[in-house]
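A.B. asks: model the following, please.
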Amino acid sequence: MNPARVHALIVGIERYDAGSGWDLPGPARDAVAFHRLLREAGVPEEQLRLHLAPLPSYVPQVAHRPADHATLRRVLVRELPLEQGDVLWVWWGGHGVLDRSGHLRLFCSDASTADKLGIDLDTALDRYAGDAVPAFGEQLWIVDACETFEEDLAFREQLPSDALPVGRRNHAHRQTLLQAAGRGRAAANDPERGTGLFSEILLGLLADRAAVLPAPPDPEGLFPAVRARIAALREAGRTLQYPEIRLRSPERTEIVAPTERGPEGRAASPLQRAVDALFAYPLMADPTERQAVVASLDPRVTGTLARHSKARTDVVSILNGIARHRPQMVWELFDAVVSLDDDPELKDELAAALTEFAASRRRPDDRK
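C.D. replies: Below you'll find the predicted structure:
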């Protein structure tokens, strides 16, 4: 791959006009790390458009442009489509939300609570998959942003419509999108270390494949490693996200490994989802705290449970034992867990997972 035929749009937004409540330590640092990978692979500096909005605690030692809405929209609509090249990388880290039409909105640095300015990722992808962008036959888009449902955030002001102009569709582009969170989920960030969990994994995997850069690595070879590492973080209770890969090419258009998939690509069972939701709480990995939860339940049921020294096996046994005796007892379990840890995101997922699990265990004559 000739590095002179490679371009990139690299965005990392940590600070927003909405105020300190939106601060997100990490995306600017991750963007600079990705910029460094492509520079080391030989891509000319002038072909790497780096747009940052760092927090004051981080001062990038590299030239960059702003990450406001007008600037980023101009790059996507006017600047990049005029370039000549074979490969386009897009890296975006920051806040996002899944709007009511199912489009992922990526907030820009000048987004405020009254005017949530952002880029409509789905129309951007459509624009770059048609004749509005003649070049860049090979594209890899990497997005580390939440996909929380708009309605769950109870915004006082609706999201403004801001679809990018789209040309005539054709079969000239091969486009891959790697998304961190999965539909309706948050993308975890580590503020102390200043990185997104998904970004950190991708940066490590890309560094391991530095010999093939700046050409994009085989996405279907890369994604299983991403999925496995995120699954390990879910197991450790550090995240609830399910990364997703979308492939669009002349030969195929599909989503590989959509949200809530098991390791072989099967949809996660209600039991698996419930176990994952419980293990998102760090207390469930601690045997003493786990016993405190069990001790708060009806002893006529818990006294019959087969207990295990391995945490995950023990939780599976608890759930199955409760369901076998009285499925609606899962709500006593819910109350016991959230009384010890009332994290709202974990609570919402646990409620949804236990609702699905309880419904799956009702006898046929109990179903409505």
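A.B. asks: tell me who's in contact with A225.
C.D. replies: L205 (Cβ atoms under 8 Å, 6 or more residues apart in numbering). In short, each C-beta sits where N, CA and C put it, glycine included.
A.B. asks: measure it to T123 for me?
C.D. replies: 30 Å (Cβ to Cβ, to the nearest Å).
A.B. asks: cool, I142 as well?
C.D. replies: The gap separating I142 from T123 is 18 Å, by Cβ to Cβ.
A.B. asks: ok, now H171?
C.D. replies: Plainly put, H171 is 19 Å away from T123 if you go by Cβ to Cβ.
A.B. asks: more crowded one of these two?
C.D. replies: Each of H171 and T123 has its neighbours counted (other Cβ atoms under 10 Å); T123 has more, 16 against 11.
A.B. asks: all helices of the stretch 251-368 of the chain, in order?
C.D. replies: Remark: helices assigned in the stretch 251-368 of the chain by DSSP state H, counting those that start in this stretch are 270-279, 287-295, 299-302, 311-325, 330-340, 344-361.
A.B. asks: now what about the first one, what contacts it?
C.D. replies: What it means is helix 270-279. With contact meaning Cβ under 8 Å, 6+ apart, helix 270-279 is reached by 234-237, 240, 260, 262, 268, 284-285, 311-312, 315-316, 319-320, 330, 337, 346, 349-350, 352-354, 356-357, 359-361.
A.B. asks: any of those buried? List them.
C.D. replies: 234-235, 237, 240, 260, 268, 284-285, 311, 315-316, 319, 330, 337, 346, 349-350, 353-354, 356-357, 361 (16 or more other Cβ atoms under 10 Å).
A.B. asks: and the helices of the stretch 251-368 of the chain, which is most packed in?
C.D. replies: Ranked by mean neighbour count, these are led by helix 270-279 with a mean of 22 (mean count of other Cβ atoms under 10 Å).
A.B. asks: what is the rounded mean pLDDT of that one?
C.D. replies: Computed over helix 270-279, the mean pLDDT rounds to 81.
A.B. asks: kindly report the same for stretch 134-154.
C.D. replies: Mean predicted confidence for stretch 134-154 is 92.
A.B. asks: for that stretch, measure first residue to last.
C.D. replies: Chord length of stretch 134-154, first to last residue, is 40 Å (Cα to Cα, to the nearest Å).
A.B. asks: pull out the buried positions in that stretch.
C.D. replies: By 16+ other Cβ under 10 Å, the buried positions in stretch 134-154 come out as 135-148, 150.
A.B. asks: lowest mean pLDDT among the helices and strands of the chain, which one is it?
C.D. replies: When each helix and strand of the chain is scored by mean pLDDT, DSSP states H and E, strand 253-256 comes last, with a mean of 61.
A.B. asks: what sits closest to A163 if chain neighbours are left out?
C.D. replies: Nearest in space to A163, with sequence neighbours left out and distances taken as Cβ to Cβ, 6 or more residues apart in numbering, is T123 at 4.3 Å.
A.B. asks: so what does the one you found look like in phi/psi?
C.D. replies: phi -70, psi -30 (degrees, to the nearest 10).
A.B. asks: check contacts around it.
C.D. replies: Contacts for T123 were tallied using Cβ under 8 Å, 6+ apart; they are H103, A163, L164, V166.
A.B. asks: for the third one, grab the count of nearby residues.
C.D. replies: Residues contacting L164 under the criterion other Cβ under 10 Å number 18.
A.B. asks: for A124, see how far away it is.
C.D. replies: For L164, the distance to A124 (Cβ to Cβ) stands at 5 Å.
A.B. asks: where does this structure dip in pLDDT?
C.D. replies: Applying pLDDT under 70 to the chain flags the ranges 252-268, 361-368.
A.B. asks: all strands of it, in order?
C.D. replies: 6-13, 48-53, 87-93, 96-98, 104-107, 118-120, 138-144, 174-179, 189-190, 195-196, 244-248, 253-256 (DSSP state E).
A.B. asks: for the first one, name the packing helices and strands.
C.D. replies: In terms of contacts (3 or more Cβ pairs under 8 Å, 6 or more residues apart in numbering; DSSP states H and E), strand 6-13 is packed against helix 27-40, strand 48-53, strand 87-93.
A.B. asks: got any residues that touch both of L164 and A124?
C.D. replies: Contact with both L164 and A124 is made by residues L76, according to Cβ under 8 Å, 6+ apart.
A.B. asks: what is the burial count for the residue nearest to R5 when sequence neighbours are not counted?
C.D. replies: With Cβ to Cβ, 6+ apart as the criterion, R5 has its nearest non-adjacent residue at 4.2 Å, and that residue is D86. Using other Cβ under 10 Å, D86 has 16 other residues around it.
A.B. asks: hmm, L104 is touching L177, no?
C.D. replies: No. Contact between L104 and L177 fails when scored by Cβ atoms under 8 Å: they sit 9.5 Å apart.
A.B. asks: what do these two both touch?
C.D. replies: Shared contacts of L104 and L177, counting by Cβ under 8 Å, 6+ apart, come down to V143.
A.B. asks: just to revisit the earlier point, would you list the strands of the chain in TSV and tack on distance to V32?
C.D. replies: Formatted as TSV, these follow (distance: least, Cβ to Cβ, whole Å):
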stretch	distance to V32
strand 6-13	7
strand 48-53	7
strand 87-93	10
strand 96-98	20
strand 104-107	18
strand 118-120	20
strand 138-144	14
strand 174-179	19
strand 189-190	16
strand 195-196	11
strand 244-248	25
strand 253-256	29
